[in-house]
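Participant: Structure of the sequence below:
(4 chains)
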There are 2 protein chains.
Amino acid sequence: MLFANQIKKLREENNLLQRQLASALEIDTPMYSKIERGDRLAKREQVVIIAKFLSTDENELLSLWLADKVLDVLEGEKELGGKVLEIANANLK
Amino acid sequence: MLFANQIKKLREENNLLQRQLASALEIDTPMYSKIERGDRLAKREQVVIIAKFLSTDENELLSLWLADKVLDVLEGEKELGGKVLEIANANLK
DNA sequence: TTATTCTTTGACACAAGTTGTCAAAAGAAA
DNA sequence: TTTCTTTTGACAACTTGTGTCAAAGAATAA
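Facilitator: All right, here's what the predicted structure looks like:
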């Protein structure tokens, strides 16, 4: 979980509590805990708020969050992963 | 829709009717029509059946189907797409 | 040690999205 | 026309996602 690991690292570096992030997202602490551990997926708007709150680049964080989703699509398709990403890349517009 | 386009092309080349594919998938023709037009997503098992029925390579077809899903994740994130795919690629295991 | 604060777990409710059916319309071929 | 194929839209059933809550576990402080 690239996104989860990153926000945990940044939160700790910034000496913030889960409670504070949860409050910024208007969800309860257990829910934030799950997001931070990759047990639940954040929504896009939540990623944006987290980036602001952790003073990190929004696009960097969004990229990790999206990469997790891409990897999730590829979950269990190990042998096709590389080919799939090539095709996807060739069809990005 | 890479997958949808491909199965339409192959079905026509094989002179088959949507009704026949629908029957192989045990769904009705309207449902199959939607899959073929990219209006609905096929499930993995359906892709496998379609590949068999259209005598095409299963992995090729699965790759298109997966690539569609990856592109869907990237939908509306044009500027991040390339970067995201790089990250995903670097984290394929 | 106990007390307090922080984080995680699991069960649950409800919202949202998916997968399918059906009736009927639109398109193509005869 | 008539018939066969494909598409559309509305809907029900099922599945998944998002959040809350109570309570347990970990870490820290006193």
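Participant: A:Val48 and B:Gly38: what is the separation?
Facilitator: 29 Å (CB to CB, to the nearest Å). In short, each C-beta sits where N, CA and C put it, glycine included.
Participant: Was I right to think A:Tyr32 contacts A:Gln18?
Facilitator: Yes - contact between A:Tyr32 and A:Gln18 holds when scored by CB atoms under 8 Å: they sit 5.0 Å apart.
Participant: which one of those two has more residues nearby?
Facilitator: A:Tyr32 (25 against 17; other CB atoms under 10 Å in any protein chain shown).
Participant: Just list the residues touching the more buried one, thanks.
Facilitator: A:Tyr32 is in contact with A:18-19, A:21-22, A:25, counting by CB atoms under 8 Å, 6 or more residues apart in numbering or on different chains.
Participant: for chain A, what spans make up the helices?
Facilitator: A:2-13, A:18-25, A:29-36, A:44-53, A:58-74, A:78-90 (DSSP state H).
Participant: Can you name every helix or strand that the fourth one contacts?
Facilitator: Helix A:44-53 makes packing contacts with helix A:18-25, helix A:58-74 when contacts are defined by 3 or more CB pairs under 8 Å, 6 or more residues apart in numbering or on different chains; DSSP states H and E.
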